[in-house]
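Q: got a predicted model here, sequence first, then my questions.
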Amino acid sequence: MKIFGKEFTRKHALFIALFAALVVLGDNIKLAAVWGASGQFFTLFQLFGPIAGAFLGPVIGAVSVLGAELFNFFIAGKEASLVNLLRLSPMLFAAYYFGIKEGRNYAALIPLACMALFVLHPVGGKAWIYTLYWLLPLGMAVMFKGNLIARSLGATFTAHAVGSVMWLYFVNPMTPELWMALIPIVAMERLAFAAGISVSYVAFNTLLFKAGSIVPKSVLRVDPRYVLFRKMLAGLRA
């Protein structure tokens with residue numbers, strides 16, 4: 001069966017099912033409260049969500065993230081409120097960004113579009129400095145092609161851009177002063193998320209490399225540059 005022109009196999013489905021199970025687990029492990037949002041939390045999911053795009057490709061990866069989030073949404077019995085539904089969107093774009101092949105920078109257009117939308121808003125326009133963070137996905141894609149930390153930073157700031165615009169337009173515009181006060185908090189938060197995404201990717205990449213006979217390269221994209229103990233694992237596989 002083909003999806004978006006790509007061959008989709010049972011092994012793809014197995015990976016997505018396992019990923020969905022991890023999303024259910026990770027989304028229930030709270031890491032920190034979302035500043036200014038009562039009852040909203042960052043969870044473990046933020047530390048590994050985007051990596052699906054690397055293994056499945058940007059489009060199927062983003063779709064798999066959406067499917068996993070919807071599965072978790074209904075399993076957890078979450079209220080179908082505007083905030084809860086819109087919170088599903090940032091990770092889709094992060095997975096898409098993380099899955100784009102090196103040298104293809106068009107995924108960085110997403111945060112650039114978010115910059116424009118944020119500044120055009122009456123409140124956002126008074127806190128335009130906040131949006132300068134969203135130049136990072138483009139800078140990471142152009143200046144540090146193929147670098148895992150750069151991809152992770154680009155992905156998490158893409159999610160941040162989408163989430164911020166969503167919050168500004170549909171949930172709570174806050175005040176320009178509150179947006180400006182978030183600037184140092186965002187720096188610490190996103191550096192932590194980028195580190196988590198990088199570590200998660202290396203861990204999954206290593207596990208999938210070890211399982212190469214079960215999950216061949218034609219099914220999932222494993223990058224040998226980010227495989228721990230590659231020589232030893234290659235010997236075990238042989």
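A: Cool, got the structure.
Q: buried ones in stretch 87-107?
A: The neighbour-count criterion (16 or more other Cβ atoms under 10 Å) identifies 87-100, 107 as the buried residues of stretch 87-107. Quick note: C-beta positions are derived from backbone N, CA and C, even for glycine.
Q: repeat that for stretch 56-68.
A: Of all the residues in stretch 56-68, those buried under the rule 16+ other Cβ under 10 Å are Leu56, Gly57, Pro58, Val59, Ile60, Gly61, Ala62, Val63, Ser64, Val65, Gly67, Ala68.
Q: return the subset of those lying in strands.
A: Within the buried residues of stretch 56-68, no residue falls in strands by DSSP state E.
Q: how about those residues in JSON lines, adding pLDDT?
A: Conversion of the buried residues of stretch 56-68 to JSON lines gives the following (pLDDT from 0 to 100):
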{"residue": "Leu56", "pLDDT": "82"}
{"residue": "Gly57", "pLDDT": "83"}
{"residue": "Pro58", "pLDDT": "85"}
{"residue": "Val59", "pLDDT": "84"}
{"residue": "Ile60", "pLDDT": "82"}
{"residue": "Gly61", "pLDDT": "82"}
{"residue": "Ala62", "pLDDT": "86"}
{"residue": "Val63", "pLDDT": "84"}
{"residue": "Ser64", "pLDDT": "83"}
{"residue": "Val65", "pLDDT": "86"}
{"residue": "Gly67", "pLDDT": "84"}
{"residue": "Ala68", "pLDDT": "83"}
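Q: now for the buried residues of stretch 87-107: which two are most distant?
A: Using Cβ to Cβ, the two most remote members of the buried residues of stretch 87-107 are Arg87 and Ile100, lying 23.0 Å apart.
Q: where does the residue lying closest to Phe209 once chain neighbours are set aside fall, phi/psi-wise?
A: For Phe209, the nearest residue in space outside its immediate sequence neighbours is Val227; the separation is 4.5 Å by Cβ to Cβ, 6 or more residues apart in numbering. As for Val227, its main-chain torsions (degrees, to the nearest 10) stand at phi -110, psi 120.
Q: circling back: what's the closest of the buried residues of stretch 87-107 to Gly124?
A: Pro90 (16.6 Å).
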